[in-house]
Structures are given as structure tokens and as C-alpha cells.
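> Kindly return the folded structure for what I paste below:
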Amino acid sequence: MSTPERITVHILGFPLPLYQRSLEHSNELLREFALIGLSQKEGDSRPLPSRLIELVDALTRDYAGVTDEADAQRDEALEAGLEVIDLTYLVPAGVAEASQALGAMLDEADEYCRRGGTLLTLATPPETKQFRDWYLGEFTAQVAGAEPTPWTAYVGALPDRR
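The predicted model follows:
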């Protein structure tokens, strides 16, 4: 059995405070969706909360160990109070498809949150959504051969929405 080819992905100018906010929001969403998933009746047609939890579990299982080194560097930088860090990941090419699937599912989760109902978690705030799109997009783009786009260049290229 051969080891899949690994591709280097550089995440430049990773904004640690924004990452922390994004992580907190994602964790809130996943906790609430897990509770919803537990309350769903047997035979329900795989609603979004269950599909999202299953996707996150599958990605965690499939990519276990791939991000450990960069994650440790990120966590050390957070602990040290840094604002920005450059990270390097060595990933299989399949991470591009996984990033796209996760992004699409999280966009669907945002729409689910906007529809409201009994949810406590709100849709992803705009800056956090931009961060998510950039971060996941970097894996997709760089696996396809693109050069890294630093966070500041990415947000600088977005239309001004004032």
C-alpha cells in the first residue's frame, strides 16, 4: 500500500484572535447540532445537524495526525499571546475536496441558523465567515497549484461593504 502524495500548504498571516472567535462559534454550533441530532427520531432523513456532525467526525478521523504539528504551533502562539502566525501543513491532495465539503456544509448550517426556530447559535458573523472561506480556500487553491494568499491580502481584495 503506497502512501498518498503530500502537498505543502502555507497559511500566511493566520490571525489568531479571529481564529479563536471562529473556533468558539464552531464549537457552539457543533454542541447545539449534537443535541439536536440526539433528539431526532429514528428514521428521519439525515437532517443537517446529523450530517454536519458526521462530516466533522469523518474529517477528524480521516485527517488525524496530518495537522498535529501546525496545530501545536498555532496553540503555542495562542498561549504566548501572539496575534499572527504563519503555518505550514503537509496534507494529502484529498484535503481540497474535504475543505470544499466542509465549507459547503457550514454555509448550509449558517442558513439553517438564519432560519432560526429554537436555535441558540446564530449564523457565522461576517468576518468569521470571511476567515473560514479564506482558510478552507487556501487548502483547495494550493492543492490545485496556486500560490498562498496571506490573510491581509485576502481581506484587502474583498469588496468594501460599508
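> three-state assignment of residue 145?
coil (DSSP: H, G, I helix; E, B strand; the rest coil).
> for residue 65, same thing?
Assignment for residue 65 (three-state DSSP): coil.
> Could I get the phi/psi values of it?
phi 90, psi -20 (degrees, to the nearest 10).
> Use 22 as the first number for this chain going forward.
Okay, using 22 as the starting number, the last item reads as residue 86.
> I'd like to know how far it sits from residue 111.
11 Å (Cβ to Cβ, to the nearest Å). (Each C-beta comes from the backbone N, C-alpha and C, glycine too.)
> what does residue 120 give?
For residue 120 relative to residue 111 (Cβ to Cβ), the value is 15 Å.
> just residue 175 next, same as before
22 Å.
> quick revisit: so between residue 86 and residue 111, which is more surrounded?
Higher neighbour count among residue 86 and residue 111: residue 111, with 12 against 6, using other Cβ atoms under 10 Å.
> And the helices in this protein?
37-60, 69-83, 89-100, 116-135, 147-164, 172-178 (DSSP state H).
> quick one: contacts for residue 154?
residue 124 (Cβ atoms under 8 Å, 6 or more residues apart in numbering).
> ok, residue 134 - contacts?
So residue 134 contacts 50, 140, 142-145 (Cβ under 8 Å, 6+ apart).
> can you tell me which two in those residues are farthest apart?
140 and 145 (12.8 Å; Cβ to Cβ).
> Pick out whichever of those two has more residues nearby.
Neighbour comparison, residue 140 and residue 145: the larger count goes to residue 145, with 23 against 17 (by other Cβ under 10 Å).
> mind checking how far the more buried one is from residue 120?
16 Å.
> Repeat that for residue 131.
Residue 131 is 16 Å from residue 120, by Cβ to Cβ.
> Show me which of the two is the more surrounded one.
Higher neighbour count among residue 131 and residue 120: residue 120, with 21 against 18, using other Cβ under 10 Å.
> Now do that one, the pLDDT please.
In this model, residue 120 is scored at 91, pLDDT.
> number of nearby residues for residue 50?
Neighbours of residue 50 (other Cβ under 10 Å): 24.
> so where's the chain uncertain?
22-25, 57-74, 76, 80, 83-84, 137-141, 181-183 (pLDDT under 70).
> try 90 this time
For the chain, the stretches flagged by pLDDT under 90 are 22-26, 46-89, 114, 119, 122-146, 177-183.
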